[in-house]
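Trainee: fold the following, please.
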Amino acid sequence: MNRIREITNINQRELELGLAGTPGSWHAQFEKAPWIYVGNLVNELTEGDILCVFSQFGEIEDIHLVREEDTGKSKGFAFIKYEDSRSCILAVDNFCGAMLCGKSLSPDHVENYRLPKKVLEEAANSGADIGPGLAYKGVETENKFSMDKGQDLFARPAPGTDSDSKRKKSKKHKKKADKKHKKKKSHKHDRGDADVMDANTHEEDDKDGDTGRGKK
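Mentor: Sure thing, here's the model as predicted:
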């Protein structure tokens, strides 16, 4: 919370002095630093969830959600690399104190970020180039689409997947609701006809009664 309060106060002060977006801004010292730190994340969030949220301020090249080695459980903080360092400014300013799943996000610039030791060792042993997406290599998002392959947003869900099951369930529920609505509407219509007939019957009875009284 101290980081959130500090960044909020600095940004407010810059706006008052007219320094925001100028070389005098505190962001200027990080103009060549494409990484940011994000703390106070809900442990249930996956790499894919974080990508979805933070990609609204720029193209993300890499992400490292820090997890416990023995359990794989998230430790509640991550490092994100943007393609353009200016996206870092947008992310830090706009997400500072923003609520995500009931917790206030705590982002900040990272001037000198080093990839995890394990990733560096694997890259050294395999001779792989340390480039965009290396820390994310082999890690899949919650919906099983990898960062390398991406996904077709307009494609129909594959048979047997959770999305396909939800789609079928939703379709079945809609069909059932429509049927129930039609039945209710039909019942209402029949009841209306019965009321009209009943009213007509009472009207005829009233006429007969009036006629009888007239004859007397």
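Trainee: pretty sure residue 7 is touching residue 92, no?
Mentor: Yes. Residue 7 is within contact range of residue 92, at 6.9 Å (criterion: Cβ atoms under 8 Å). Every residue, glycine included, has its C-beta placed from N, CA and C.
Trainee: out of the two, which sits in the busier spot?
Mentor: Comparing residue 7 with residue 92 by neighbour count (other Cβ atoms under 10 Å), the higher total belongs to residue 92, at 23 against 19.
Trainee: which SS state does the closest residue to the more buried one other than its chain neighbours fall under?
Mentor: In space, and not counting its chain neighbours, residue 92 is closest to residue 107: 4.9 Å by Cβ to Cβ, 6 or more residues apart in numbering. Three-state call for residue 107 (DSSP: H, G, I helix; E, B strand; the rest coil): strand.
Trainee: and residue 107, how far from residue 44?
Mentor: 19 Å (Cβ to Cβ, to the nearest Å).
Trainee: out of these two, which sits in the busier spot?
Mentor: residue 107 (25 against 10).
Trainee: that older thread, list residues touching both of residue 7 and residue 92?
Mentor: Here residue 7 and residue 92 have residue 108 as joint contacts, going by Cβ atoms under 8 Å, 6 or more residues apart in numbering.
Trainee: what comes into contact with stretch 61-81?
Mentor: Here stretch 61-81 has contacts from 34-47, 50-51, 54, 60, 82-83, 91, 110, 113, 115-116, 119, 132-136, 139, using Cβ under 8 Å, 6+ apart.
Trainee: in ChimeraX, select just the buried ones from those.
Mentor: Buried subset of the contacts of stretch 61-81, written as a ChimeraX selection, criterion 16 or more other Cβ atoms under 10 Å:
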select :34,35,36,37,38,39,40,41,45,47,50,51,54,60,82,91,110,113,115,119,134,135,136,139
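Trainee: so which of the contacts of stretch 61-81 are in strands?
Mentor: 35, 36, 37, 38, 39, 60, 82, 110 (DSSP state E).
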